[in-house]
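> Model the structure of this input:
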Amino acid sequence: MSRRCEEDLTCPTCMGIFKDPVLLSCGHSFCKSCLHRWWTVKRTRECPVCRTQSQSRNPPPNLALKNLCESFVLERDQKASEAEEGLQELKDKLKTLKDRLKVLKEARQEYDRVTEHIKNQVRSTEKQIKTQFKKLHRFLEEEEESRIRALRDEEERKTQGVKDKMEALSREVAALSETVRAVEDELGDGDASLLLQSKAAVDRMQRRPLLDPLQLRSAALIDQASHLGNLAFNVWVKMKDAVSYSPVVLDPNSAGSLLSMSEDLTRITEADLQLVPDTADRLTFFSVLGSEGLDSGSHSWDVQVGDSRCWGLGLMTKSGPGQDLRESESWRLVNGLFGLTAFSPSYEATKLPEMQNLQRVRVHLDWDAGRLTFTDPDTDTQIHAIAHTFTDKLFPYFYNWDERSVRILPGSVSVHVRGHV
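Presented below is the predicted three-dimensional model:
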């Protein structure tokens, strides 16, 4: 209703909406209680508005006005109720928007941290790539220098050999020339005794072996095949002894916030809190996964646990965000305050006998056969074996709660060349 309508429904004395309105003979209406109070105070039954005297002590009720006022109040209260509900709904929606805004701001801050972390990762990775390639370049340069030096040494050696043979040949030519000249001179003189001497000298010269020029040229040539044959392959074979291969590479994006890793991603150590993004793949605290999952075949890797007092090794499935071990399936060998213990996916612990001077642990997975074994490669002693039918992809799992590091040992690399028949 309009503001004017509300004024028409207002009692002139109390200035409120009429309650039990009565109608005076002058045509003015008042709340019944308001009118009786007025008359009591004034001690006269006059109209509060126009002062007209009323003849009746009990003016008749104004039912039409009463109904109109009640309808107005009901509609007003309903609108007020709806407005209040709408206001509350608006407040609730506003709170939801504020909460969402807070989440978005936090997400933006997290994205800012992720972006900065990505930049740090790129800088660090680029630096390590350059370092690794500098080592490879240095190896190749040294190998190149070595092979060029070998080529120059052969050149010098064979050139000197040719020179020596040429000197011998020159001496032979000079001696033969002298003999020929002497014989020719003696033939001209006709002296029989001198002819006999010349004949003996000629026989001696004929019995001396002649140098074969073809053999001389062949022996003097550079053995190009030994320098160029399978050059890149031979360098690569030699290079494998200068570099290392790790059967498992750690995934920095899964590393817990209290863990640090070596630059080659094979060593883990307890560390102070790392400011890293809390991504879906990240484990908690002191754990980390291998970068590649295993879902077939046979795999083996050795881990140097050394003097670490609290370490864990094994395999784990990825459960999703948060990587809660209680939600993932894991098969682990753990060494800690309670000694050597094996854990299964049901989180049941199996206490194992104490292993004296355990420095290395070999983890061997035969995925197809459904068998996982932990052994001491130094003594060839089995520590624990697990039989299970694996169905999900498994990731190597590592744990270290100690300032002394746990390290994945490099694997051996061999080269087999298959010939053609």
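
> how about low-confidence regions in the stretch 151-300 of the chain?
Within the stretch 151-300 of the chain, the set of residues satisfying pLDDT under 70 comprises 183-219, 277.

> Spatially central residue in this protein, please.
Centre of the chain computed as the mean C-alpha position; nearest residue by Cα atoms, centre = their mean is residue 253, 3.4 Å away.

> Setting aside sequence neighbours, what's the nearest residue to that one?
If the residues on either side of it in the chain are set aside, residue 253 comes closest to residue 281, at 5.4 Å by Cβ to Cβ, 6 or more residues apart in numbering. Bear in mind the C-beta positions are built from the backbone N, C-alpha and C, glycine included.

> mind checking the SS state of that neighbour?
What DSSP: H, G, I helix; E, B strand; the rest coil gives for residue 281 is coil.

> Roughly how far does residue 245 sit from residue 264?
For residue 245, the distance to residue 264 equals 11 Å [Cβ to Cβ, to the nearest Å].

> okay, those two: which has more neighbours?
Set side by side, residue 245 and residue 264 show more neighbours around residue 264, with 15 against 9, by other Cβ atoms under 10 Å.

> Which element, helix or strand, includes residue 303?
Using DSSP states H and E, the secondary-structure element containing residue 303 is strand 298-304.

> could you say what helices and strands that strand packs with?
In terms of contacts (3 or more Cβ pairs under 8 Å, 6 or more residues apart in numbering; DSSP states H and E), strand 298-304 is packed against strand 360-366, strand 406-408.

> Quick check: next helix or strand after that strand?
strand 311-316.

> still on that earlier bit, and the residue nearest to the centre of the chain, that one's in a helix?
Yes. Secondary structure assignment places residue 253 in a helix (three-state DSSP).

> Could you pull up the residues touching residue 406?
By Cβ atoms under 8 Å, 6 or more residues apart in numbering, the contact set of residue 406 is 267, 268, 269, 303, 304, 305, 306, 308, 311, 398, 400.

> How is this structure divided into domains?
Residue ranges for the structural domains of the chain, counted by automatic domain parsing, are given in the record as 3-61, 125-239, 252-408.

> secondary structure class for the residue nearest to residue 55 when sequence neighbours are not counted?
When the adjacent residues along the chain are set aside, residue 55 lies closest to residue 25, with 6.6 Å between them (Cβ to Cβ, 6+ apart). Judged by three-state DSSP, the three-state class of residue 25 is coil.

> quick one: pLDDT of residue 25?
pLDDT recorded at residue 25 is 86.

> what does residue 395 give?
We have a pLDDT of 93 for residue 395.

> go on, residue 314?
Predicted confidence (pLDDT) for residue 314: 93.

> State the distance from the residue nearest to the centre of the chain to residue 117.
Distance from residue 253 to residue 117, counting by Cβ to Cβ: 10 Å.

> Going along the chain, name the helices of the stretch 101-250 of the chain.
192-207, 213-220, 224-228, 231-239 (DSSP state H, counting those that start in this stretch).
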